[in-house]
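Colleague: Structure for this input, please:
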Amino acid sequence: MVQEAVFRIDGLRKSFGRVHVLVGVDLELRAGAVTVLMGANGAGKSTLVRIVSGVYDHDGGSMSLAGATYLPLTPAEAMRAGVVTVHQNINDGVVADLDVATNLTLDRLNGRGARMIFNPRRVKREAQSVAERMGLSLDLSANINDLSLADRQMVAIARAMAHEPKVLILDEPTSSLSSAEAERLFELVERLKARGVAILYISHRMSDIRRLADTIVSLRDGRIAGLFEGPELDYEGAVNAMLGKKVSAGDIALRAATRPVFTADNLQITPTSKPFSLSFGAGEVVAITGLVGVGKTVLAETLFGARRPFSGQMRLDGAAYHPTSTRAAIDKGVFLIAKDRGDNGIVPGFNIYENISLPFLRRISTFGVTNRRRERDMAQRQIRDLGVVCRNEFDEMNTLSGGNQQKVMVGRWLSQASRLLILDEPFQGVDIAARRDIGAKLRASADGRATVVFLTELDEAFEVADRILVMSEHTIVGEHQNADIDLDKLLAQIAGQNHMVA
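Modeller: Numbers count the residues shown, from 1 in each chain. Got it, this is the predicted structure:
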C-alpha cells in the first residue's frame with residue numbers, strides 16, 4: 001500500500017547571483033518510507049536541504065507539510081513544524097562538552113516555553129524516556145567527547161527524534177562509520193520507518209541505498225534527473241541519471257606505460273574494506289572514478305603518506321614505500337594536488353610565484369637564502385604553459401579567478417619533477433576551458449612519471465585518462481582501457497553491482 005505524501009516540494013527554485021542552483025525541483029516524501037537523494041558535487045543537494053531546514057529562503061516554487069503550506073524562516077521554525085535535519089558533520093548535532101542526557105533534552109531546555117530553573121532529575125528522566133523510545137542504550141551521564149563516532153551519531157539522531165518529527169533528513173549519516181556501526185544506524189532507521197516518519201536519506205554509498213531505499217531520486221544540475229521506485233529498484237539507472245546520459249568514451253590518443261613506477265599489493269585502506277592491488281606506470285595517466293564517499297580521497301591520502309594503510313605493501317620504483325609523513329612522500333617524488341584548494345592548497349595573501357615555490361624552498365635555497373630569480377622563472381614557465389590569466393607572477397592569488405587559482409596549484413606540482421603525481425578532483429570548480437587546459441598539460445608532461453587523477457565525473461575521466469579504475473566501498477572493483485569502453489559495465493561497477501576486484 002502506497003502511503004500518502006507527508007511532505008511535498010513543487011517547482012522549487014534557488015539562485016545565487018547568476019548561478020541557478022535549483023531549477024524547478026519536485027519531490028515528495030511518504031510516511032514510513034525512506035527516500036534516498038543522490039547527486040554529484042554541485043548538483044544542489046546541500047542547497048535543497050538548507051531550504052527545507054529553514055537556513056535558506058527559496059526564489060520560487062512551494063513546499064507543503066501534511067497538506068499545509070510550509071515556509072520556515074529559521075531552523076528552529078522547521079523543527080517546531082516537524083522537519084528535523086541531522087547534518088553530515090556529527091558535531092553539528094551534539095554539544096561535545098555536555099553529557100548524553102543534556103544533549104538529548106537540550107532543545108527542550110533551550111526552546112520556547114523552557115523552564116528557567118535547571119532540574120537535573122527532570123533532565124535525566126526526560127532523557128531516559130527519549131533513549132528508551134529510540135532503543136538507545138548508553139550511559140546518560142557519559143560525556144559526548146568520550147563516545148565513539150557511531151554513538152555520537154545515535155545521540156544526534158535521538159536528539160532530533162525528541163521533537164517527534166514528521167520528516168527526518170539524514171545527510172550522509174554513515175560517512176564516518178564502520179560497517180558494524182552503520183548496521184546499528186540502519187536498525188534505528190527501520191524503527192523510525194515503523195513509527196511512520198518520512199525519511200530523506202542523502203547518500204552515495206550503495207550498501208546504504210540497497211539496505212534502506214524505498215525510492216531513489218537522482219539530482220543533477222539542480223533538476224530531478226530520475227525517480228526510481230517499485231519492488232525492484234534500478235540502482236544502475238539511478239547512478240546513470242545522476243551522472244547524466246551524455247557520458248561517452250573519450251577519443252584521446254592512448255599511451256601505454258613504459259615501466260611500473262608504483263605498485264600496491266593487497267592494499268587495505270579501511271579496517272573493513274576488501275584488499276586490492278594496482279599498478280601505475282611511467283608515461284600513463286590513470287583515472288580512478290566512483291561515487292562520492294567510496295574512498296577516493298582516502299586512497300589519495302594513503303598514497304601521499306597523509307594516512308597509513310591497514311595492510312598491504314606499496315612499492316615505488318621497486319623499493320618499499322611506506323612514507324611516515326607527507327614531507328617524506330614529497331622527498332621521494334610523490335606529490336598530491338589536494339581536492340580543496342582553499343583549505344589545502346593556496347595561500348591567498350601570497351603572490352603566484354610564492355605559492356608555486358612554497359613546497360620546494362629547500363631545493364631552491366642556498367644556506368637558507370631563496371634564489372628569487374629561479375623562483376620567478378619557475379612561476380613564469382607555469383603561467384605560460386598553463387595559460388594562467390594574470391598580469392605577472394607578482395599577482396596575489398586572491399585576485400585570480402577560481403580556474404586560474406587551480407592552474408597555479410597544478411603548476412606548483414608540475415614545476416618540479418615527480419615520480420608519482422596524484423590529483424584529487426583537480427577540475428572541481430573550474431570551467432570547461434580551464435579543465436581542458438589542465439588536462440592537456442597533464443598529458444603533455446606525463447613522460448617519466450605516473451599520473452593518477454581521482455574523479456567523480458566520468459566525462460572528465462574520458463577526457464584525460466589512458467586507463468580508468470573504478471572504486472566502490474573503498475576498494476577497486478573494475479579496470480578499463482579508455483577505448484571502446486562497455487559503458488553499461490562501467491556504470492554497473494560504479495553503482496556497486498560488480499564486486500570483482502581488478
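Colleague: Please report the distance of Gln428 from Ile438.
Modeller: Remark: distance between Gln428 and Ile438 (CB to CB, to the nearest Å) = 11 Å. All C-beta spots, glycine's among them, are computed from the backbone N, C-alpha and C.
Colleague: who's more crowded, the two?
Modeller: Neighbour totals were compared for Gln428 and Ile438, and Ile438 leads with 26 against 18 (other CB atoms under 10 Å).
Colleague: so the more buried one, which of the three states?
Modeller: helix (DSSP: H, G, I helix; E, B strand; the rest coil).
Colleague: do the same with Val25
Modeller: Val25 falls in the strand class when you classify it by three-state DSSP.
Colleague: so who does it touch?
Modeller: By CB atoms under 8 Å, 6 or more residues apart in numbering, Val25 lies in contact with Ile9, Gly11, Leu12, Arg13, Gly44, Leu48, Gly61, Leu219, Gly222, Arg223, Ile224.
Colleague: Can you check the pLDDT for it?
Modeller: At Val25, the model reports a pLDDT of 96.
Colleague: so what's it closest to, chain neighbours aside?
Modeller: The shortest distance from Val25 to any non-neighbouring residue, by CB to CB, 6 or more residues apart in numbering, is to Leu12 (4.3 Å).
Colleague: follow-up on the earlier one: can you tell me which of the contacts of Val25 has the most neighbours?
Modeller: Going by other CB under 10 Å, Leu48 tops the contacts of Val25 with 26 neighbours.
Colleague: which element is that one on?
Modeller: Using DSSP states H and E, Leu48 maps to helix 45-52.
Colleague: How far away from the center of its chain is that helix?
Modeller: Offset of helix 45-52 from its chain centre (CA atoms, centre = their mean, to the nearest Å): 16 Å.
Colleague: looking at this, Ala158 is in a strand?
Modeller: No. Remark: Ala158 does not belong to a strand; assigned using three-state DSSP, it is helix.
Colleague: Roughly how far does it sit from Leu192?
Modeller: 10 Å.
Colleague: Same drill for these two, tell me which one is more crowded.
Modeller: Taking neighbours as other CB under 10 Å, Ala158 and Leu192 compare with Ala158 leading, 24 against 20.
Colleague: give me every residue that touches that one.
Modeller: Ala158 makes contact with Leu104, Val130, Ala131, Met134, Leu136, according to CB under 8 Å, 6+ apart.
Colleague: neighbours around the fourth one, how many?
Modeller: Yep, that's Met134 we're talking about. 21.
Colleague: Kindly report the same for the third one.
Modeller: One way to gauge burial is a neighbour count; for Ala131, by other CB under 10 Å, it gives 20.
Colleague: pLDDT value on it, please?
Modeller: Ala131 is assigned 78 on the pLDDT scale.
Colleague: which SS class is it?
Modeller: Three-state call for Ala131 (three-state DSSP): helix.
Colleague: follow-up on the earlier one: report all helices and strands that the helix holding Leu48 contacts.
Modeller: For helix 45-52, the elements it packs on are strand 5-16, strand 19-30, strand 34-39, strand 83-86, strand 167-171, strand 198-202, judged by 3 or more CB pairs under 8 Å, 6 or more residues apart in numbering; DSSP states H and E.
Colleague: Using PDB, write out every CA atom in the fifth one.
Modeller: These are the backbone C-alpha positions of strand 167-171, laid out as PDB (Å, rounded to 0.1, in the frame of the first residue of the first chain):
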ATOM      1  CA  VAL A 167      10.100  14.400   8.400                       C
ATOM      2  CA  LEU A 168      13.700  13.400   9.300                       C
ATOM      3  CA  ILE A 169      16.600  14.400   6.900                       C
ATOM      4  CA  LEU A 170      19.800  12.300   7.300                       C
ATOM      5  CA  ASP A 171      22.800  13.800   5.400                       C
END
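Colleague: Can you name the element that comes right after that strand?
Modeller: helix 179-194.
Colleague: Quick check: of the contacts of Val25, which lies closest to Glu164?
Modeller: Ile9 (22.0 Å; CB to CB).
Colleague: among the helices and strands of this structure, which one scores worst on average pLDDT?
Modeller: Least confident element among the helices and strands of the chain, by mean pLDDT, DSSP states H and E: helix 341-344 (a mean of 55).
Colleague: List the buried residues in the helix or strand following it.
Modeller: As assigned by DSSP H and E, the chain's next helix or strand after helix 341-344 is helix 352-357. Residues of helix 352-357 classed as buried: Ile352, Tyr353, Glu354, Asn355, Ile356, Ser357 (neighbour count, 16 or more other CB atoms under 10 Å).
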